[in-house]
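Student: Predicted structure and sequence below. I'll ask about it afterward.
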Amino acid sequence: MLDASLMQLMWLASPALPIGGFSYSECLEAAVDTARAATEIEASSWLVDHLHLSLARSDLPAVAQGIAAWRADDMPRIARLNAWVLQTRESSELRAQSEQMGKSLLDWLRNHTTATKAQIDLLARQQPTYPLAYALAASSTQAPLRECLLAYAFGWAENMVQAAIKSVPLGQSAGQRILSKLAAEIPAAIDHALSVTDDTRQAFSPMLAILSSQHEVQYSRLFRS
């Protein structure tokens with residue numbers, strides 16, 4: 001992989017990317033509040049399950065298929081994938097997160113040369129979601145598809161570990177142990193995501209939806225989801 005492509009992926013995976021990922025816990029905060037993830041071990045197990053049961057079956061396949069569609073200039077395919085992501089967000093919080101981060105990433109792309117104005121405008125007209133905006137950003141690199149997904153998953157893992165550190169709460173060393181566990185699990189999640197087709201892509205995580213709905217009315221919280 002070219003140095004420029006690797007650095008672009010590192011940039012996209014960085015928590016410093018100004019798209020607001022730090023403000024979301026994706027229901028982890030609600031799991032902590034209901035004593036489902038109140039320790040390091042519980043939080044680690046929760047995030048590993050989230051990776052395999054949710055991310056690997058929905059967002060990662062959508063990103064992979066989105067990158068292929070952007071590279072093939074298949075705009076109807078992009079529209080269908082973006083609509084699928086919107087339709088499968090099971091709470092207002094989770095949908096708002098995907099839309100806000102998608103819009104923020106498109107705004108970031110407008111100031112860079114990694115996507116054309118026509119591509120950005122096309123997605124902007126469709127209530128852009130984060131997986132399809134990320135797919136657009138990654139598609140313009142020369143990086144292989146697997147590396148693009150590894151960057152997406154690791155960026156997600158870093159954000160979730162920071163959410164665990166703040167909400168459980170945990171120390172930095174505990175956070176690094178959780179991140180190490182997630183990093184070891186990510187390759188298998190990528191393998192699964194790359195095997196998913198339109199017929200097998202799914203977003204079925206009932207407890208995640210329940211906790212997200214509970215988080216919307218949670219009395220005290222740090223995060224927006």
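Tutor: On my side now, so go ahead.

Student: make it CA atoms for all contacts and neighbour counts henceforth
Tutor: Will do.

Student: Helix or strand: which one has residue 25?
Tutor: Taking DSSP states H and E as the definition, one finds residue 25 inside no helix or strand.

Student: Quick check: it touching residue 163?
Tutor: Yes. Between residue 25 and residue 163 there is a contact under CA atoms under 8 Å: 5.5 Å.

Student: gap between stretch 141-152 and the chain center?
Tutor: Counting by CA atoms, centre = their mean, to the nearest Å, stretch 141-152 is centred 14 Å from the centre of its parent chain.

Student: and that stretch, which residues are buried?
Tutor: 141, 142, 143, 145, 147, 148, 149, 150, 151, 152 (16 or more other CA atoms under 10 Å).

Student: Show me the residue at the heart of this protein, geometrically.
Tutor: Nearest to the mean C-alpha position of the chain, counting by CA atoms, centre = their mean, stands residue 156 at 5.3 Å.

Student: and that residue, helix, strand or coil?
Tutor: helix (DSSP: H, G, I helix; E, B strand; the rest coil).

Student: How confident is the prediction for it, by pLDDT?
Tutor: Note on residue 156: pLDDT of 97.

Student: quick one on the thing from earlier: need the buried residues of stretch 141-152 in a markdown table with pLDDT and distance to residue 43, can you?
Tutor: Converted to a markdown table, the buried residues of stretch 141-152 look like this (pLDDT from 0 to 100; distance: CA to CA, whole Å):
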| residue | pLDDT | distance to residue 43 |
| --- | --- | --- |
| 141 | 89 | 34 |
| 142 | 84 | 35 |
| 143 | 91 | 32 |
| 145 | 96 | 29 |
| 147 | 96 | 26 |
| 148 | 96 | 26 |
| 149 | 97 | 23 |
| 150 | 97 | 21 |
| 151 | 96 | 22 |
| 152 | 97 | 20 |
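
Student: So which of the residues you listed belong to strands?
Tutor: Using DSSP state E, the subset of the buried residues of stretch 141-152 located in strands is empty.
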